[in-house]
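Engineer: structure, please.
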Amino acid sequence: MSGCGSTRHVPTVAAPVGDDLRCNDTDRQTAIDHARQACIEGRISLDEYAQRLEVILPARTHGELSAVLHDLPRAPIAPTVTGRWRPYIVVMLILVGVWATTTPLGYFWPIWPALGWGIPLLLHRRHPAPAPHR
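Structural biologist: The predicted model follows:
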């Protein structure tokens, strides 16, 4: 029994660094997306992709994920912003064109579809939902 004034030796544990850090579901999903993109680009075969998934899914540390992806280039996985915004820009230009030819000095009604579609597009994140636990 230790009193208020007594001191006990409490062992300290060094914080993990780099590859020793535990990974989470988002980290695993990012690794899966990276490997999938490499397969789509023809850098690895479907068999290699399946083998890498067998390592990625149960991975516990960033080091395990890095070991699976070490030979792949670090290219961006998300599509370009232009690709996501292209349909929005085309439709908005058409709507503004219709407004300009029908009521150029009237109420600017294209603002409502622009906001209704634009705000969710701005807020949309390209991160997939985490994989469910097994």
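Engineer: which is the next helix or strand following the longest helix seen in the chain?
Structural biologist: Ordering each helix of the chain by length in residues (DSSP state H) puts helix 81-102 first. The element immediately downstream of helix 81-102 (helix or strand, assigned by DSSP states H and E) is helix 111-123.
Engineer: domain boundaries for the chain, per the record?
Structural biologist: Domain ranges of the chain: 18-69, 81-123, per automatic domain parsing.
Engineer: where in this structure is pLDDT low?
Structural biologist: Applying pLDDT under 70 to the chain flags residues 1-18, 75-83, 125-134.
Engineer: and among the domains of the chain, the most buried is which?
Structural biologist: domain 18-69 (a mean of 15; mean count of other CB atoms under 10 Å). C-beta coordinates here come from the backbone N, C-alpha and C atoms, glycine included.
Engineer: for residue 87, give its distance to residue 58.
Structural biologist: In this view, residue 87 and residue 58 are 39 Å apart by CB to CB, to the nearest Å.
Engineer: Three-state assignment for residue 44, please.
Structural biologist: Under DSSP: H, G, I helix; E, B strand; the rest coil, residue 44 falls in the coil class.
Engineer: for the closest residue to it other than its chain neighbours, give me its contacts.
Structural biologist: Closest residue in space to residue 44, ignoring its immediate chain neighbours: residue 38 at 5.0 Å, by CB to CB, 6 or more residues apart in numbering. By CB atoms under 8 Å, 6 or more residues apart in numbering, the contact list for residue 38 reads 44, 49, 72.
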